[in-house]
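> The following comprises the amino acid sequence and a computationally predicted model.
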Amino acid sequence: MSRIGKMPIAVPAGVTVEIAENNKVTVKGPKGTLERVLPAELEIKQEGAEVVVSRPNDLKRIKALHGLTRTLIHNMVIGVTDGYEKKLEVNGVGYRAAKQGKVLNLSLGYSHPVEMTDPEGIETVVEGNVITVKGIDKEKVGQYAAEIRTKRPPEPYKGKGIKYADEVIRRKVGKTGKK
């Protein structure tokens, strides 16, 4: 049995979970509404103040989907109650980030400024050299943070670029002179 899959998902007060046909799960909470169609092979039931995911058999594919489905529902519940955020740091001389309305302006040492528009349901906040990506959908927050990072990933010699706040860059030693 999947250790993660068999754990029940606690539904806090103020959050409603609706399970329609074809395992279409809708989670409503104080921060918004999330909706997702989950694999139809698994059985999702609401028992009082918790949601339980169970599997009909032990096929390899079904076992793989069991823990995934439970985690996706759990992430939806956390998203509508607390929300998710990722912090990115902009490091480097002349590298800066600024916010104008829904557009994130990045100066990253290129000959042109890089402009990125916030996707639906995602908000970015710039404080100094830290960009905070906030939203209720964990997948969209992580994806948009990764897209910002790809505009100038950190390089190993000086550490310049955009990195996650908790990321550790493996530094390399530069060239040495002739002996």
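Yep, it's here.

> and M116, bridged to which residues?
L104 (DSSP bridges).

> so who does it touch?
V103, L104, L106, E147, I148, K151 (C-beta atoms under 8 Å, 6 or more residues apart in numbering). (C-beta placed from N, C-alpha, C; glycine too.)

> hang on, isn't the last one packed against P113?
I take that to be K151. No. Look at K151 against P113 with C-beta atoms under 8 Å: they stay out of range, at 10.7 Å.

> what sits in contact with each of these two?
Residues touching both K151 and P113 (C-beta under 8 Å, 6+ apart): L106.

> Please say which of those two ends up with more neighbours.
Taking other C-beta atoms under 10 Å, K151 and P113 do not tie; K151 has more neighbours (15 against 11).

> doesn't Q143 fall inside a strand?
No. Per DSSP: H, G, I helix; E, B strand; the rest coil, Q143 lies outside any strand segment and is helix.

> Just the buried subset of the contacts of M116, please.
For these, a burial check counting by 16 or more other C-beta atoms under 10 Å picks out L104, L106, I148.

> May I see those residues arranged in JSON lines, with distance to K31 and pLDDT as well?
JSON lines is the format used below for those (distance: C-beta to C-beta, whole Å; pLDDT from 0 to 100):
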{"residue": "L104", "distance to K31": "22", "pLDDT": "95"}
{"residue": "L106", "distance to K31": "27", "pLDDT": "94"}
{"residue": "I148", "distance to K31": "22", "pLDDT": "95"}
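
> Output the contacting helices and strands for the helix ranked longest in the chain.
In the chain, taking DSSP state H as the definition, the longest helix is helix 60-81. Helix 60-81 sits against strand 9-10, strand 24-29, strand 32-37, strand 50-54, helix 138-150, with contacts defined as 3 or more C-beta pairs under 8 Å, 6 or more residues apart in numbering; DSSP states H and E.
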